[in-house]
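Engineer: Okay, predicted coordinates and the sequence, questions at the end:
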Amino acid sequence: MIAVEDIRARAKDLLESGKVRAVLGYRRSTAGLLAEPAFMTTPEETAALVLDPTCVENLALYLVNEKKRMKHARQSDKRPLAIVAKGCDSRAITVLLQENHIEREEVIVLGVSCEKGGVIDTRKLMKALRGKYATSAAFDGASGVKVSCIGGGATLPAKDVLADRCLECAKAYPIDTDFLFGEKVDERPYGPRFTVVSAFAEKSREERSAFWDGHFERCIRCYACRAVCPMCYCDECVVGSTNFIVNPATTADEKANRVCWINRSASPSENAMYHMVRAMHLAGRCTDCGECERVCPVNIPLRLLNTMLEREALEMFQYTPGLDAEQPSLISSFRDSDPNDFVR
Amino acid sequence: MEPAVARHDAHEFEPKVVAFLCKWCSSAGSDLAGVSRLKYPANAVPIQVMCSGSVSPIYILSAFNKGADGVLVSGCHPGDCHYLKGNYYARRRIFLVQKLLQFIGLEPDRFRMSWVSAAEGVKYAEVISDFVKDLKALGPQTKLKAKR
């Protein structure tokens, strides 16, 4: 288990010495169970830093947002940002480094290993508590999560309340770190990888088609999945217009009839297009942090699309994203031995 | 009225195929099929691209969305790319697109990739005839087509 005091001390030290301009971590939120992301800029604030299974968010997103903000900031503090990163988050940082979106000097990674744990899934938790809102959750031993809620509490098996991606996680510790907290544990007490996606791929075409039609139909195109994804950092998205400048004289008609790849109307076929384009853009980049699925207000199983491509990348091209910032990316590399039998 | 309906039924479904052909090989191959007066279905709309590697997944998805019943991506044989390795990149990317399309439940026969060199007019005619034959059996594509 990681002693959170160690991380606090390290964060405090970094801020006191002025090596970093801020520490990105988690603190208790004022609403709900999940910890909230925090930008800590003074050493005193680090006392609020927490680390437990409610720290679900992928903080790599804020590196991307911060870069966008810094671009327009009048004065820029060139000192690096320190960031608390779980295994999946640190892989996301590695992908950002691999794509030269951020520089290694811009970030100090405080890597935390999940060891045999992970983060909780609030939907599962609520189901386990029969609709009650949990107020706190912490690991109790290796395989139990101690949960308290109004009017009671319970220790639930970790298998039942951990997020799906944590159950399938193959590397629960960060690789590229400046400071590592916790042990690098390779053996995880949960099931093998890709069980859900393999089972789904076995289904008949009609079943799969109906399944996705039903899900894409419900998509409201709120773009929460795009907003929360650290890999979705394009300045202009394909669902936006292409080279279309809106000025005060632009009529509503012109806006409606502008040229764009995917129309904004939330119709099932266009929703399917949007999600497929997003899945393709994440092929070989998605580190399976599961944020898109978590934030989806209509519970579309977006991880299923991403893990499918992750599985293909691993099985057909032996590619795992986020392991090495120096390796060429999946789409920008090839081998002579790549599958060729599907081509006529 | 009735004879008109009967005639309409007898009118066979003609699939729309969007074919992305690379400029250096497949496009020349289709040209050769033309100048050799080979007979093949006229269902394919050829779109010349500079390289099969320049075909973005969104071209393919967009073609389906805008009403294509089938999409073909065709380029030079491996090793013959005008830009040396464009078709290798394409092969990897198209493989993933194909897997994704199948995963969400599109019929596998609706999307195809082929290698057609500038000398293979006959092969091009064959690829198109096979594709159109398979698509006729499948009927119109509704899965990704925009409903307006």
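Structural biologist: That came through fine. Numbers count the residues shown, from 1 in each chain, chains lettered A, B, ... in the order given.
Engineer: and stretch A:320-340, does that touch chain B?
Structural biologist: Yes - Stretch A:320-340 is in contact with chain B by Cβ under 8 Å from any Cβ of the partner chain, via A:330-334, A:336, A:338-340. Every residue, glycine included, has its C-beta placed from N, CA and C.
Engineer: Neighbour-wise, which one of those leads?
Structural biologist: residue A:330 (22 neighbours; other Cβ atoms under 10 Å in any protein chain shown).
Engineer: ok so, going back, ok, of the residues of stretch A:320-340 next to chain B, which one's closest to residue A:221?
Structural biologist: Distances from residue A:221 to those, taken as Cβ to Cβ, are shortest for residue A:331 (25.4 Å).
Engineer: Next, the buried residues of stretch B:26-45.
Structural biologist: B:26-30, B:32-33, B:38, B:40-41, B:43-44 (16 or more other Cβ atoms under 10 Å in any protein chain shown).
Engineer: List the contacts of it.
Structural biologist: B:14-19, B:21, B:46, B:48, B:52, B:72, B:74-76, B:114, B:116-126, B:128-129, B:131-132, B:135 (Cβ atoms under 8 Å, 6 or more residues apart in numbering or on different chains).
Engineer: So which of the residues you listed are in helices?
Structural biologist: If you go by DSSP state H, those have B:121-126, B:128-129, B:131-132, B:135 in helices.
Engineer: Could you identify the buried members of those?
Structural biologist: The buried subset of these - by 16+ other Cβ under 10 Å - is B:121, B:123-126, B:128-129, B:131-132, B:135.
Engineer: Run a quick check on residue B:63 versus residue B:18, I expect a contact.
Structural biologist: Yes - counting by Cβ atoms under 8 Å, residue B:18 is a contact partner of residue B:63 at 4.2 Å.
Engineer: Now for the two: what residues contact both?
Structural biologist: In contact with both residue B:63 and residue B:18: residue B:71, using Cβ under 8 Å, 6+ apart.
Engineer: Centroid-nearest residue for chain B?
Structural biologist: What sits nearest the mean C-alpha location of chain B, by Cα atoms, centre = their mean, is residue B:72, with 2.2 Å.
Engineer: For that residue, give me the pLDDT.
Structural biologist: For residue B:72, the model assigns a pLDDT of 97.
Engineer: can you list the residues of chain B near chain A?
Structural biologist: For chain B, the contact set with chain A under Cβ under 8 Å from any Cβ comprises B:57-58, B:61-62, B:65, B:78, B:85, B:88-89, B:91-93, B:95-108, B:112-115, B:127, B:130, B:143-147.
Engineer: go again using 7 Å as the cut-off
Structural biologist: By Cβ under 7 Å from any Cβ of the partner chain, the part of chain B that sits against chain A consists of B:57-58, B:61-62, B:65, B:78, B:85, B:88-89, B:91-93, B:95-100, B:103-105, B:107, B:112-115, B:127, B:143-147.
Engineer: Those in strands, which ones?
Structural biologist: Mapping these onto strands (DSSP state E) picks out B:112-115.
Engineer: Can I get those residues in CSV including neighbour count and pLDDT?
Structural biologist: As requested, those are exported to CSV (neighbours: other Cβ atoms under 10 Å in any protein chain shown; pLDDT from 0 to 100):
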residue, neighbour count, pLDDT
B:112, 24, 95
B:113, 24, 96
B:114, 24, 96
B:115, 23, 96
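Engineer: so which two of those are the farthest from each other?
Structural biologist: B:112 and B:115 (11.3 Å).
Engineer: Before we go further, residue A:213 is sitting in a strand, right?
Structural biologist: No - assessed with DSSP: H, G, I helix; E, B strand; the rest coil, residue A:213 is helix; it does not lie in a strand.
Engineer: In this structure it contacts residue A:267, no?
Structural biologist: No - counting by Cβ atoms under 7 Å, residue A:213 stays clear of residue A:267, with 11.9 Å between them.
Engineer: pLDDT at residue B:148, what is it?
Structural biologist: 63.
Engineer: no wait, residue A:303
Structural biologist: At residue A:303, pLDDT is 94.
Engineer: cool, the one 3 residues further on as well?
Structural biologist: Turning to residue A:306, the model gives it a pLDDT of 94.
Engineer: Check what contacts the helix or strand containing it and list those residues.
Structural biologist: Element membership for residue A:306, per DSSP states H and E: helix A:302-317. Here helix A:302-317 makes contact (Cβ atoms under 7 Å, 6 or more residues apart in numbering or on different chains) with A:164-165, A:194, A:196-197, A:200-201, A:225, A:275, A:279, A:282-284, A:286, A:288, A:290, A:292-293, A:296, A:319-320, A:330, A:338-339, B:92, B:96, B:99-100, B:103.
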